[in-house]
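Participant: Got a predicted model here, sequence first, then my questions.
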Amino acid sequence: MQEIYQKTLTKIISFTGIGLHSGKSAKVKLFPADENHGIVFKRTDLDKNNLIKANFANVTSARLCTTLENNHGAKVSTVEHLLAALYIIGIDNALIEIDNEEVPIMDGSSKDFIDILEKIDLVNQSKKRKYLKISDKIELIDNDRKISIEPNNTSLEVDFQLNYENKIIGNQKNKIDFQKDNLDEVCSSRTFCLFEDIEKIKKSGLAKGGSLNNAVVVDKDKVLNEGGLRNKKEFVNHKILDLAGDFLLSGYRIIGKVSCYQGGHELTNLFLRKIFNTKESFKLIEPNSFEVTKKFQTKELDKIAVNA
């Protein structure tokens, strides 16, 4: 059963850590927020123009992570794992203060964020949650990458497939229903890379904070991390986790069946843009009625891509 009302935190929580790509330390605080506030980042190290709305239209880079930027050039990067945690826990409204440009990578998954959030209570707010329900199939094909979504009754289902030449990663598939399935393995699945790609990534100025403590590294026929993988499908499960975080940038909970092959942050962002440019293929609904309202169609859709 879908939640009817929007939710926020009951108290402030905080954490610190190192950015995966910047290598810089950052302190993050999550504050409760009013109804219809959504998720907004605030760069406290900047004096002004420091609010960044978590919205797909504000994504300016999706190379190896998702980066958001407002109209004044303020950025926050590697937001996807924290956003996935908010999606899975069920938080609709929060102000996220951060004193640097990148969200800490923690252990490379959403597990640490989930553990912190599960220690506090959430509160139902007075406004109803809005869902984006797919009514017609939408598909995006980009060379060998493809993603589609088609109608589903009440939940988000994701059927994801990875295909790597590396035999450890290989061809992995998993199918997750975010409403019905246990999500522990998805939440704890870490970001990953091939050992042979590390030098190239670092030469491009990324992965300055990367280590075996926050990423799975695969070298030919072995996993270099002590203890190996956390679950048999950790690679594809992490991709599903990333997709959940990037889908939160829609501003709604999406109801539909997703099929994705060789996807990533860039493909997901392009797909969200296509969804919102295909307005006849979805409806905005409330969970107790599952009826679209004219108010949503005429006013909300025109305000979806608002920069903070």
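Facilitator: Thanks, I have it. Numbers count the residues shown, from 1 in each chain.
Participant: My guess is Ala85 contacts Ser109. True?
Facilitator: No. Ala85 is not in contact with Ser109 according to CB atoms under 8 Å; the separation is 9.3 Å. C-beta coordinates here come from the backbone N, C-alpha and C atoms, glycine included.
Participant: what residues are shared contacts of the two?
Facilitator: Cys187 (CB atoms under 8 Å, 6 or more residues apart in numbering).
Participant: So which residues of the stretch 201-308 of the chain form helices?
Facilitator: Assigned by DSSP state H, counting those that start in this stretch, the stretch 201-308 of the chain shows helices spanning 234-247, 265-276, 294-295.
Participant: which of those helices has the lowest average pLDDT?
Facilitator: The minimum mean pLDDT among the helices of the stretch 201-308 of the chain belongs to helix 294-295 (a mean of 34).
Participant: How much space separates Val218 from Ile105?
Facilitator: Look at Val218 and Ile105: by CB to CB, to the nearest Å, they are 18 Å apart.
Participant: More neighbours: which of the two?
Facilitator: Ile105 (27 against 22; other CB atoms under 10 Å).
Participant: Need the nearest residue in space to the more buried one, chain neighbours excluded.
Facilitator: Leu20 (3.8 Å; CB to CB, 6 or more residues apart in numbering).
Participant: The one you found against Thr78, yeah?
Facilitator: Yes. With contact defined as CB under 8 Å, Leu20 reaches Thr78; the gap is 5.7 Å.
Participant: Name the residue in these two with the higher neighbour count.
Facilitator: Leu20 (26 against 23).
Participant: can I assume that one sits in a helix?
Facilitator: No. Leu20 is assigned coil when assessed by DSSP: H, G, I helix; E, B strand; the rest coil, not a helix.
Participant: and it, what is it in contact with?
Facilitator: Cys65, Thr78, Glu102, Ile105, Gly108, Thr191, Ala207, Gly209, Gly210, Asn214, Ala215.
Participant: how does it look with 6 Å?
Facilitator: Thr78, Ile105, Gly209, Gly210 (CB atoms under 6 Å, 6 or more residues apart in numbering).
Participant: so can I have JSON lines of those showing pLDDT and distance to Phe282?
Facilitator: Shown next, in JSON lines, are those (pLDDT from 0 to 100; distance: CB to CB, whole Å):
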{"residue": "Thr78", "pLDDT": "98", "distance to Phe282": "28"}
{"residue": "Ile105", "pLDDT": "98", "distance to Phe282": "33"}
{"residue": "Gly209", "pLDDT": "96", "distance to Phe282": "38"}
{"residue": "Gly210", "pLDDT": "96", "distance to Phe282": "37"}
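Participant: May I see the residues you listed organised as CSV, with distance to Phe247 added?
Facilitator: Formatted as CSV, the contacts of Leu20 follow (distance: CB to CB, whole Å):
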residue, distance to Phe247
Thr78, 16
Ile105, 20
Gly209, 26
Gly210, 25
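Participant: Looking at these, spot the one nearest Leu140.
Facilitator: Among these, Thr78 lies closest to Leu140 (CB to CB), at 23.6 Å.
Participant: Identify the spatial nearest neighbour of that closest one, chain neighbours not counted.
Facilitator: Cys65 (4.2 Å).
Participant: Glu266 now?
Facilitator: The nearest residue in space to Glu266 (CB to CB, 6+ apart) is Ala62, at 3.9 Å.
Participant: Quickly note the distance from the residue nearest to Ile105 to Ala54.
Facilitator: 18 Å.
Participant: quick one: buried residues of whichever helix or strand Phe160 is part of?
Facilitator: Using DSSP states H and E, Phe160 sits within strand 156-163. Applying a neighbour-count criterion of 16 or more other CB atoms under 10 Å, one finds Leu156, Glu157, Val158, Asp159, Phe160, Gln161, Leu162 buried in strand 156-163.
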